[in-house]
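S.K.: Predicted model and sequence follow; I will ask about them next.
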Amino acid sequence: MTKLTFLPHPEICPRGKVIEAAPGTSILDVALDHGIPIEHACDKACACTTCHVIVRDGFASLAPACEEEEDLLDKAWGLEPESRLSCQAKVNGKDLVVEIPRYTINLAAETPKGS
């Protein structure tokens, strides 16, 4: 089993959380299965950036992002070199430390001012 450490996030996971995960599971599925409600507006289809996370430790152990994921990440709020879409990044044998960014861009949920 692989250990995922989710760093504290003020709304989503205020105390942080350490979780054991089976290899081959996406970071998003691990989070959702353990009560960490990472937003995922496209229902895990690699079509938005709402599930963007930053892998603070263990990033190099992940399989490389596909071109589609790389293109989407360019639109993510707070993009960093260790950014991934949590619906696409699969846990393998190396422990990971994951940060959930403070903000996300969800075009599907945004409404014009005054609506």
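M.R.: Sure, I can see it. Residues are numbered from 1 along each chain as shown.

S.K.: quick one: the helices in the chain?
M.R.: 27-33, 67-73 (DSSP state H).

S.K.: Which elements pack onto the last one?
M.R.: If I follow you right, that is helix 67-73. Judged by 3 or more Cβ pairs under 8 Å, 6 or more residues apart in numbering; DSSP states H and E, helix 67-73 is in contact with strand 83-85. Yep, even glycine has a C-beta here, placed from its N, CA and C like the rest.

S.K.: quick one on the thing from earlier: which one, of the helices of the chain, ends up nearest to residue 45?
M.R.: Closest to residue 45 of these, according to Cβ to Cβ: helix 67-73, at 10.1 Å.

S.K.: tell me the mean pLDDT over that closest one?
M.R.: Averaging pLDDT along helix 67-73 gives 96.

S.K.: If we go by neighbour counts, what in it is buried?
M.R.: Residues 69, 72-73 are the ones in helix 67-73 that count as buried (16 or more other Cβ atoms under 10 Å).

S.K.: what do you get for stretch 45-53?
M.R.: Within stretch 45-53, judged by 16+ other Cβ under 10 Å, the buried ones are 46, 48-53.
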